[in-house]
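S.K.: Compute the structure for the input listed below.
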Amino acid sequence: MKREVEIMGSILYSLDDFHREVEQLLSFPHYYDRSMDALWECLTHYIDPNIRINWINHEMSRKQMGNDFERVVSLLQSAAADIYEFEFVLN
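M.R.: Residues are numbered from 1 along each chain as shown. Purely as a prediction, here's the structure:
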């Protein structure tokens, strides 16, 4: 069964907010340094790939995070394209 995780867009105002939220939701290791490289590494090598990430109210995050939102979405979409079991959805 696929694990589902929801990222609540209404509480994300910055890239650091995103990293804190995803670190907690996905139980990243203590050495996660909240960088885009570390995010990629954890998504592709650390977590169980049988997961679906739903970004709820993503439009709020888009407004609040600016260009960082697009960078994060691009990385998550790339991970979903590279890893068969991993899913990422904007809601």
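S.K.: Am I right that Val5 is in contact with Ile53?
M.R.: Yes: look at Val5 against Ile53 with Cβ atoms under 8 Å: they come within range, at 5.2 Å. All C-beta spots, glycine's among them, are computed from the backbone N, C-alpha and C.
S.K.: Who has more neighbours out of those two?
M.R.: Ile53 (21 against 14; other Cβ atoms under 10 Å).
S.K.: ok so that one is a strand residue?
M.R.: Yes: Ile53: assigned to a strand according to DSSP: H, G, I helix; E, B strand; the rest coil.
S.K.: That one contacts Leu90, doesn't it?
M.R.: No: contact criterion Cβ under 8 Å: Ile53 and Leu90 do not qualify, at 9.7 Å.
S.K.: Could you list the buried residues of the longest helix seen in the chain?
M.R.: Using DSSP state H, we find that the single longest helix of the chain is helix 67-82. Buried residues in helix 67-82, counted by 16 or more other Cβ atoms under 10 Å: 68-69, 72-73, 75-76, 79-80.
S.K.: try stretch 14-31
M.R.: Across stretch 14-31, burial judged by 16+ other Cβ under 10 Å covers 15, 18-19, 21-23, 26, 28.
S.K.: Thanks a lot, see you next time.
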